[in-house]
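*Asks:* Whatever this is, show me its structure:
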Amino acid sequence: MSELKHESLSAMLEDDPGRRAQVVQDAVVVLDQEVSSKRGAVGLLIKGGFKVIKNLRGGKMVESLIDFLLDEFVEALDPYYQSYKEQDAGSRGTFTSYLSARDAEVAEALLSVTDARRQRASTKVLIKTYDRLRPTALKHVQEGVPAVGRLMEKHIHQ
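*Replies:* Sure, this is the predicted structure:
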């Protein structure tokens, strides 16, 4: 296991000026893959909602939203990173496995960010889309926790 080079996830973003842009781009890819993997009627609803959002702002809405919410997502994940760091380096496993073992809790932490933002949102299409997708969000975000872990893990060792 390689060394953890950052005091916090926020510091990870701040330590290298280009890292934030890379994390945003990686997150766009992860989100696109997660949405593409959804199946069934709910999958169609998620894909449809994602397509609506993806087409806003000349196709840059998803990237803009991730960048806009990144600090809050990182803040929500940082307690898990701090707890992970406190474990013995030789036996702690990966950050991905650490988050995956707590997937429901991590999913709730991430959704608390988007729920708070939804309360302050003013864009009707975003509010309507979010409200339609929110009832099944916990399950889907939980399924995406390993991908979030891999995304963070890629950057915490750099």
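
*Asks:* only C-alpha atoms for contact and neighbour calcs from this point on.
*Replies:* Noted.

*Asks:* Just the pLDDT at the residue minimising distance to the centre of the chain, thanks.
*Replies:* For the chain, the residue nearest the mean C-alpha position is Val148 (5.4 Å; CA atoms, centre = their mean). You'll see Val148 listed with a pLDDT of 97.

*Asks:* give me the element it is part of.
*Replies:* Assigned by DSSP states H and E, Val148 belongs to helix 137-156.

*Asks:* From the chain's centroid, how far away is that helix?
*Replies:* In terms of CA atoms, centre = their mean, to the nearest Å, the centre of helix 137-156 is found 6 Å from the chain centre.

*Asks:* ditto for stretch 30-47
*Replies:* Offset of stretch 30-47 from its chain centre (CA atoms, centre = their mean): 15 Å.

*Asks:* Kindly report the same for stretch 61-79.
*Replies:* The answer for stretch 61-79 is 7 Å, by CA atoms, centre = their mean.

*Asks:* Now for Leu138, how many residues are close by?
*Replies:* Leu138 has 19 neighbouring residues, counting by other CA atoms under 10 Å.

*Asks:* Quick one: residues contacting it.
*Replies:* The neighbours of Leu138, taking CA atoms under 8 Å, 6 or more residues apart in numbering as the test, are Ala104, Ala107, Glu108, Leu111.
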